[in-house]
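> The sequence and its predicted three-dimensional model are supplied below.
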Amino acid sequence: MAATTTLEEPTRRDFLYIATAAVGIVGAGAAVWPLISQMSPDASTLAAGSVEVDISGIAVGQILTVKWRGKPIFVSHRTPEEIAAVRAVPMNELKDPATDQSRVEKPEWLVVIGICTHLGCVPLGNEGPYHGFFCPCHGSVYDPSGRIRQGPAPANLVVPPYKFVSDAKISIG
Amino acid sequence: MTLASKFAAGAGAAFFGALALTFAVSATSVRAEDKPAAAGEAAAEAHPHPHRQPWSFAGPFGKFDRAQLQRGYQVYKEVCSACHSMRLVAFRDLEENSGPAFSESQVKALAATFKVKDGPNEAGEMFERPGRPSDAFPSPFPNPQAARAALGAIPPDMSVLAKARDLHSGFPGFVIDAFTQYQEGGPDYIYALLNGYTKPDDPNFNAIFPGQHIAMPPPLSDGLVDYTDGAPKTTPQYAKDVTAFLMWAAEPKLEARKSLGFAVIIYLAVFAGLLYTIKKRLWAKVPH
Amino acid sequence: MSGESTYVPKNAVAKWFESRLPVLGLAHSSFVVFPNPRNLNYWWTFGGILAFLLVSQIITGVVLAMHYTPESTLAFDSVERIMRDVNFGWLMRYWHANGASMFFIGLYVHILRGMYYGSYKAPREVLWLLGFIIYLLSMATAFMGYVLPWGQMSFWGATVITSLFSAIPVVGDAITTWLWGGYSVDNATLNRFFALHYLLPFMIVGVVGLHIWALHVPGSNNPIGIEPKSAKDTLPFHPYFTVKDGFALTLFLIFYAWFVFYIPNYLGHADNYIEANPLVTPPHIVPEWYYLPFYAILRSVPSKLGGFLAMFGAVLIVAVLPWLDSSKVKSAVYRPLFRIFFWIFVVDAVLLGYIGSQPPEGGAVIAGRLLTAYYFIHFLVILPLLSRFEPTRPLPASISDAVLGDSAKAEPALASH
């Protein structure tokens, strides 16, 4: 075909064609963005409010699980022995070094997101060799400060943003 | 170029020329209509058919008037919300820059003035707490039946009310509306209805409402809502402000839509121009 | 004509792949070197525009389905959540809702172009029938899509249209109950309509594939209606028609964008922003504009079964057009009487549409009946008579003769580009 040969001629690649192709590609790219963006959390999800938790009923040694943004939050009322134990651990023994002091607002209260940092299972409380948390999926072991001590998980349990509204109440988020 | 292609090109040019022209006309017509509007209010009694109002959000560059939306919210809160729900709108929406643009602390404060049902708590009971920005507007009645029992009729939800009402332009008006971008039939209807109580001795007579008998007695009266920004405390002003607020509630993305539309159309026009040049160049070599 | 592949893979990977699945060669022969008559005008760009719109509807539809809830108590609210909270949700919904109207604008232009230039005639009858099936599937898809927002028009439109089937003698009520999955339009109906609304577009894609296949056997018809006789009569699809179609598509998108961004609710109905209420019918029920001519025909027959038959008859009669019009001359350019009757038919259909949008009172009823009668007369009387007795104008010897000779310059506007 006569016309197909014109495709290979240098005139075919002049500025006009390149400009048009560039404009077309930019437009197509811009049109794709809303299609990608629509899958990220919507405005109502982003605005999902904070949760207030009454902690006055949690006895020493007990863990309360509450839901925040669809995830379990562990509120652990730790015993003095547990606090002493986790604060005595030397940093070089930890896979993801962090002091217990940096992970809590008040020594007796540990608040962490109850999602194993390995692959997202929910660990069991007051379980495992350190009597902290134990993930049944792949055997990750956390201490009572929520720090990873054994198993495949790469990092400590995450501390969510929270603050004490009063001695008996915390606000998460 | 054959005669036919000249004709086609001419028709195409005329069409898009007309589009561009109406773009300009509908952008300026908003200002032009400002004057007759005042006269229109006085004439409302004589003409039961609703007049078109010069809304700030009309036309290709239409934007909401922040102060008007804030006043409109005040009217909704102090008057309408006693009976009308607005369950699809959340307090946080009031913070939007393309809306009333209340500040974060203002929204927190005004949300807290509403009681929101929540629960169940640890004891398994539902409880009431002050509203938070993430909550939707609570409804004044738990269900439509309760509203009817209390009021004798079901007040419509106000979330999309401004889009759920319309004016019918008939032929050829509806064709012209496509070019002038008239999309304000709902607000025009609501504004006219709020000013349509023309028989002082009959609170259920409304000149605009279909059938002229409306269950809602006149909701607005001069001085009813205490504006703090110096706007006139009159029924027409309240009606205009709350109608604008309802339009925003129904179409909160209006400003984003119109500004994105302008960019899209400019882009497409440039791209079409480039393609047309290429097309002409290509086809110039072959008779067709 | 269907283009023996001249495609030669350039690199080793393409060569390896091509010898196992010659899909690149197929694309090359169908959309690169495919010979199109050189005299196609802009009315022939709507096939490409429709293909684009179909893909665009499917993409935005899949996106909307990620956020929509097909449950009768949640559907309305979920659509509003899309409009308010989902990132660009308002754009997706308005693009999709107006896209349905744009698709029908494209369909009607495409169908009328086929009618004007006789594109349904031999050897393209199967092509026409496949197009007709696409039209039927599109009507079903759009109807069910309009039900999903679960507004008043959704609900009552669904009720009225499904109730049509109750006109069928004996089994009518059973069929309607079966369609509804209950004793009225309700959650079960909404659920199945959602499932089918998602499914049917993919069936349309399948039939479009066949449609293009059937097109590529004889090749495109053209404004003078004479089949290409030599290579001089045609031009390769790329770059001539890709660029021309691209230009036409871009202009069409400007038109589309005008609706989406500035008058997104112009083609809709305000009542559909009121949530469905099975206890209250809106005062004036109208279907979407693209069904209005058929809706007018339905209402013009003062009998339930008669109206049902007339309406479906009006749709189905389009399918047998190749056998009602047996004129050997394809293009209206060479059929002076047919051309006049074609435009009368177009006006008749537009007026039927207007009548369909009006309340069925007084003069509108009489006008509707006359227009309905003419609609059928056009197909059943005028076309068969014309094809027998119409004196046609002499045809040029070939496309290249028409294009290069003086005769082309004297043609009316639609005749050639």
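It's in.
> hmm, which helix or strand of chain C has the shakiest average pLDDT?
Lowest by mean pLDDT, DSSP states H and E among the helices and strands of chain C is helix C:399-404, with a mean of 86.
> Give me the pLDDT value at the nearest residue to C:P287 once chain neighbours are set aside.
Nearest residue to C:P287, sequence neighbours excluded (CB to CB, 6 or more residues apart in numbering or on different chains): C:Y295, at 5.2 Å. (Glycine included, C-beta is placed from N, CA and C.) The model reports C:Y295 with a pLDDT of 95.
> what's the neighbour count on B:R148?
Number of residues near B:R148 (other CB atoms under 10 Å in any protein chain shown) recorded here: 14.
> residues touching the closest residue to it other than its chain neighbours, list them.
Nearest non-adjacent residue to B:R148, counting by CB to CB, 6+ apart: B:I154, 5.3 Å away. B:I154 makes contact with B:144, B:147-148, according to CB atoms under 8 Å, 6 or more residues apart in numbering or on different chains.
> can you redo the residues you listed as TSV with pLDDT and distance to A:F133?
Shown next, in TSV, are the contacts of B:I154 (pLDDT from 0 to 100; distance: CB to CB, whole Å):
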residue	pLDDT	distance to A:F133
B:P144	92	49
B:A147	95	50
B:R148	95	54
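> where exactly do the strands run in chain A?
When secondary structure is read from DSSP state E, chain A shows strands at A:51-54, A:63-68, A:71-77, A:109-113, A:124-127, A:132-134, A:141-142, A:148-150, A:162-166, A:169-172.
> Select from these the stretch with the lowest mean pLDDT.
Across the strands of chain A, strand A:51-54 gives the lowest mean pLDDT, at a mean of 85.
> Report pLDDT for the residue in chain C positioned nearest to chain B.
Per CB to the nearest CB, C:F261 is where chain C lies closest to chain B, at 2.4 Å. Per-residue pLDDT puts C:F261 at 98.
> now swap in C:M92 and tell me
C:M92 carries a pLDDT value of 98.
> so who does residue 68 touch?
You didn't pick a chain, so chain A it is. Applying CB under 8 Å, 6+ apart, the residues near A:W68 are A:50-51, A:113, A:160, A:172-173.
> my bad, the chain I had in mind was chain B
B:56, B:240-241, B:244-245.
> ok, now how distant is it from C:Y295?
Computed as CB to CB, to the nearest Å, the B:Q68 to C:Y295 distance reads 41 Å.
> just to revisit the earlier point, work out for me the element the residue nearest to C:P287 sits within.
Element membership for C:Y295 (DSSP states H and E) is helix C:292-300.
> Please enumerate residues in contact with the following helix or strand past that helix?
Counting by DSSP H and E, the next helix or strand C-terminal to helix C:292-300 is helix C:304-316. Identification of contacts with helix C:304-316 by CB under 8 Å, 6+ apart yields C:136, C:139, C:164-169, C:293-295, C:297-301, C:372, C:375-376.
> at 6 Å instead, please
Residues outside helix C:304-316 that contact it (CB atoms under 6 Å, 6 or more residues apart in numbering or on different chains): C:164, C:167, C:294, C:297-298, C:301.
> What are the buried residues along it?
Neighbour counts over helix C:304-316 (16 or more other CB atoms under 10 Å in any protein chain shown) mark C:307-311, C:314-315 as buried.
> before we move on, the earlier item: check the contacts of B:Q68 for burial and list the buried ones.
For the contacts of B:Q68, a burial check counting by 16+ other CB under 10 Å picks out B:240-241, B:244-245.
> Please identify which two of these are farthest apart in space.
Set against one another by CB to CB, those have their most distant pair in B:K240 and B:F245, with a gap of 9.8 Å.
> need the contact list for residue 91.
Reading this off chain A. Counting by CB under 6 Å, 6+ apart, A:M91 makes contact with A:P97.
> my question was about chain C
Applying CB under 6 Å, 6+ apart, the residues contacting C:L91 are A:P34.
> And it, how close does it get to C:F261?
Note on C:L91: its distance to C:F261, by CB to CB, is 9 Å.
> what residues are shared contacts of those two?
Counting by CB under 6 Å, 6+ apart, nothing touches both C:L91 and C:F261.
> Neighbours of residue 111, how many?
Unless you meant another one, I'm taking chain A. There are 27 residues near A:V111, going by other CB under 10 Å.
> Actually, chain C is the one I wanted.
What C:I111 shows, counting by other CB under 10 Å, is a neighbour count of 19.
> what about B:R129, which helix or strand?
For B:R129, the enclosing helix or strand under DSSP H and E is strand B:127-130.
> again but with C:R369, I slipped
C:R369 is part of helix C:363-377 when elements are defined by DSSP H and E.
> quick check: angle from that helix to helix C:304-316?
50 degrees (axes from the mean of the first three to the mean of the last three CA atoms, to 10 degrees).
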